[in-house]
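Asker: Predicted structure and sequence below. I'll ask about it afterward.
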Amino acid sequence: MPKIVDAEARRQEVVHAVFRIIASDGLERASLREVADEAGLAVGSVRHYFASSDELLAFSFGAVIDRIAGRLEAALGAVEAEPPGSQEQHVAVLNLLGQFLPLDEELAVDACVWMAFRHAARIKPVLAAEAERSHRTVAAVVGRLIMALNPGESAQEGLVTEAERLLATLDGLCMHSLLQPEWMTAEMCSDVLAAHLRSLEASPVSR
């Protein structure tokens, strides 16, 4: 009797192979053949689920966005559940911000893959829709975080400015830690996040 293959499980196996290739060798190597070899499958098996490299890359980009977004939403729920200005909220915010950065092996792979896809979307139209979804998803989380740190604040311009400042800080830290891991360690990333959070908590957006 032929073995029944779980299609969704097989797609995830292939996507994880894409992630491993990007994290070790870059997105340029993530061809159907290379991914098939990494996943231990025949190229024809991969083509059964993804008709082209472009389709595979777009699906993989969406998968890493979903992984990151799931962690962010869970962490944001913890932030919004704590009293504003409390130590518990402070800890929850640091945990949320840490989800953007390569602070452990799993986060490092996701951060590397996410940044690679975002950069590639600049010249690969097939990735444009997921790049837009990535930006909107992250911006929404950061916007809600800024509002949670400034309850009752009505100065929309100030809220947007602080959200963009935080996004720029997170992007810079992520890129720096991926490019210079010997210098920008997980500990240093955490220290910079803590310092930035103190500045947010000390300075209301309507100043």
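Answerer: Happy to help now that I have it. Note that the structure is predicted; figures quoted are calculated from it, not measured.
Asker: Please report phi then psi for the residue most central in space within the chain.
Answerer: Most central in the chain under Cα atoms, centre = their mean is I68, positioned 4.4 Å from the mean C-alpha point. Main-chain torsions, I68, degrees, to the nearest 10: phi -70, psi -40.
Asker: I'd guessed it sits against Q99; true?
Answerer: Yes: contact criterion Cβ atoms under 8 Å: I68 and Q99 qualify, at 6.9 Å. Where you see a C-beta, it was placed from the backbone N, CA and C, and this is true even at glycine.
Asker: Does I22 belong to a helix, a strand or coil?
Answerer: For I22, the assignment made with DSSP: H, G, I helix; E, B strand; the rest coil gives helix.
Asker: Quick check: it vs A42, distance?
Answerer: Going from I22 to A42 by Cβ to Cβ, to the nearest Å gives 21 Å.
Asker: likewise L166?
Answerer: From L166 over to A42 the distance is 46 Å, taken as Cβ to Cβ.
Asker: quick one: which of these two has more around it?
Answerer: Just comparing L166 and A42: by other Cβ atoms under 10 Å the higher neighbour count belongs to L166, 21 against 12.
Asker: Secondary structure element holding that one?
Answerer: helix 156-179 (DSSP states H and E).
Asker: angle of whichever helix or strand comes after that helix against helix 156-179?
Answerer: Moving toward the C-terminus from helix 156-179, the next helix or strand (DSSP H and E) is helix 186-202. If you take axes from the mean of the first three to the mean of the last three Cα atoms, to 10 degrees, helix 186-202 sits at 170 degrees to helix 156-179.
Asker: elements contacting helix 186-202?
Answerer: Counting contacts by 3 or more Cβ pairs under 8 Å, 6 or more residues apart in numbering; DSSP states H and E, helix 186-202 is packed against helix 87-98, helix 128-149, helix 156-179.
Asker: Just the CA trace of the shortest one, in CSV.
Answerer: In this case it means helix 87-98. The C-alpha trace of helix 87-98 is given here as CSV (Å, rounded to 0.1, in the frame of the first residue of the first chain):
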residue,chain,number,x,y,z
GLN,A,87,7.5,46.4,35.8
GLU,A,88,5.5,43.5,34.4
GLN,A,89,4.7,45.5,31.3
HIS,A,90,8.3,46.6,31.0
VAL,A,91,9.4,42.9,31.0
ALA,A,92,6.7,42.0,28.5
VAL,A,93,7.8,44.8,26.1
LEU,A,94,11.4,43.7,26.2
ASN,A,95,10.2,40.2,25.3
LEU,A,96,8.2,41.5,22.4
LEU,A,97,11.0,43.5,21.0
GLY,A,98,13.3,40.6,21.4
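Asker: What lies in contact with it?
Answerer: 72, 75-76, 78-79, 81-83, 107, 141, 145, 148-149, 170, 189-190, 193-194, 197, 201 (Cβ atoms under 8 Å, 6 or more residues apart in numbering).
Asker: mean confidence score for that helix?
Answerer: In this model, helix 87-98 has a mean pLDDT of 93.
Asker: shouldn't A17 be in contact with R33?
Answerer: No: contact between A17 and R33 fails when scored by Cβ under 8 Å: they sit 11.5 Å apart.
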